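*Asks:* The sequence and its predicted three-dimensional model are supplied below.
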Amino acid sequence: MNTLQNVYDRLSDKTELAKHEVELASINDLKKIIENGKSIYKNGVQFVDKKDALKKEALNLNGHAKALLSGGQKYLNEFLSSAKELGININQIKEVQEVEDILGVLNTIEKQTSAFIK
């Protein structure tokens, strides 16, 4: 019986050791989850901060684009009307085409920033 008891004691020690190893592995897995979670959280906070800054920038850019679009289009229309009255060929004025191109780009910027702001 003494030999049988020794076998049981040794098995019990090994079982206990295996139990501790499993517990340590489980705790290490929990630590990895905590570490990864903190990292993802930190990245998320940085993303939100960047998004908020970009949103403010988009709002500012949108306002400038709208203002120049409105004023620029109004001024261009007045200029074209005056040029017609004076008999000036507007096709020979390169700035007219450039202003129309810029106003088209600004329209795109205004639409894109409006969509981003929402």
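*Replies:* Alright, I've got the coordinates.
*Asks:* just checking, what packs against the longest helix seen in the chain?
*Replies:* In the chain, taking DSSP state H as the definition, the longest helix is helix 2-85. Where contact means 3 or more C-beta pairs under 8 Å, 6 or more residues apart in numbering; DSSP states H and E, helix 2-85 is packed against helix 94-117. (Glycine included, C-beta is placed from N, CA and C.)
*Asks:* and the helix it packs on, what does it pack onto?
*Replies:* Under the contact rule (3+ C-beta pairs under 8 Å, 6+ apart), helix 94-117 is packed against helix 2-85.
*Asks:* can you give me the angle the helix it packs on makes with helix 94-117?
*Replies:* Put simply, helix 2-85 runs at 150 degrees to helix 94-117, going by axes from the mean of the first three to the mean of the last three C-alpha atoms, to 10 degrees.
*Asks:* quick one on the thing from earlier: state the mean pLDDT of the longest helix of the chain.
*Replies:* The pLDDT scores in helix 2-85 average 83.
*Asks:* How far does that helix sit from its chain's centre?
*Replies:* Relative to the mean C-alpha coordinate of its chain, helix 2-85 is positioned 10 Å out (C-alpha atoms, centre = their mean, to the nearest Å).
*Asks:* Over to stretch 88-101?
*Replies:* Chain-centre distance of stretch 88-101: 39 Å, with C-alpha atoms, centre = their mean.
*Asks:* send the alpha carbons of it over as PDB?
*Replies:* In PDB, the C-alpha atoms belonging to stretch 88-101 read as follows (Å, rounded to 0.1, in the frame of the first residue of the first chain):
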ATOM      1  CA  ILE A  88     -15.700  91.300 -76.500                       C
ATOM      2  CA  ASN A  89     -15.100  87.700 -77.600                       C
ATOM      3  CA  ILE A  90     -14.800  86.000 -74.200                       C
ATOM      4  CA  ASN A  91     -13.200  82.900 -75.900                       C
ATOM      5  CA  GLN A  92     -10.100  85.000 -76.300                       C
ATOM      6  CA  ILE A  93      -9.800  85.700 -72.500                       C
ATOM      7  CA  LYS A  94      -7.900  82.800 -71.000                       C
ATOM      8  CA  GLU A  95      -8.800  83.900 -67.400                       C
ATOM      9  CA  VAL A  96     -12.500  83.300 -68.200                       C
ATOM     10  CA  GLN A  97     -11.800  79.600 -68.800                       C
ATOM     11  CA  GLU A  98      -9.400  79.400 -65.800                       C
ATOM     12  CA  VAL A  99     -12.100  80.900 -63.500                       C
ATOM     13  CA  GLU A 100     -14.700  78.400 -64.900                       C
ATOM     14  CA  ASP A 101     -12.200  75.600 -64.300                       C
END
